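Trainee: Structure of the sequence below:
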Amino acid sequence: MSKLDRPKFNVNLEGGHSPDYIWKLHRIDDNLIKTSFEVMWLEFDENGKFKQRYDVPAVGRSLLMSPFNAFFTWQTTDIVELINADDNLVEFKTTNSTYKLERITNPDIK
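Mentor: A predicted model of the protein is given here:
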């Protein structure tokens, strides 16, 4: 079978769900905007190897935006300063940039 004759499949890398809210990341330095259904915070050891996953931000952790596979939306460098952190807003500085992460109502919810 040639590549042209193969059946086509629709693949949803987000898991087929539409949550009530999404995460919106704004990189302040250049106004880059990224969105994600979920976020997680990662810690790496001194050799740059994955150490642990967290649900909350902290200095030394980096943000990873879904989907959580080789095609992730965005990953920041390590947090060097946590400016503000609550359930709906996280403002932080990384090694390279300043970010604002907001939990907002999903615009696809009707």
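
Trainee: wait, Ser62 sits on Leu42?
Mentor: Yes. In this structure Ser62 lies within contact range of Leu42 using C-beta atoms under 8 Å: 5.3 Å. In short, each C-beta sits where N, CA and C put it, glycine included.

Trainee: got the contact list for Ser62?
Mentor: Trp41, Leu42, Phe44, Gln75, Thr76, Thr77, Asp78, Ile79, Thr94 (C-beta atoms under 8 Å, 6 or more residues apart in numbering).

Trainee: do the same with Ser97
Mentor: Arg27, Ile28, Asp29, Thr76, Thr77.

Trainee: Any quick ChimeraX command for the buried ones out of those?
Mentor: Those of the contacts of Ser97 that count as buried under 16 or more other C-beta atoms under 10 Å are selected in ChimeraX with:
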select :27,76
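
Trainee: Pick out the most distant pair among the contacts of Ser97.
Mentor: Ile28 and Thr77 (14.4 Å; C-beta to C-beta).

Trainee: Inside strands: which ones of the contacts of Ser97?
Mentor: Arg27 (DSSP state E).

Trainee: could the contacts of Ser97 be laid out in TSV, adding pLDDT and distance to Leu89?
Mentor: Shown next, in TSV, are the contacts of Ser97 (pLDDT from 0 to 100; distance: C-beta to C-beta, whole Å):
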residue	pLDDT	distance to Leu89
Arg27	97	15
Ile28	97	13
Asp29	94	18
Thr76	95	16
Thr77	94	20
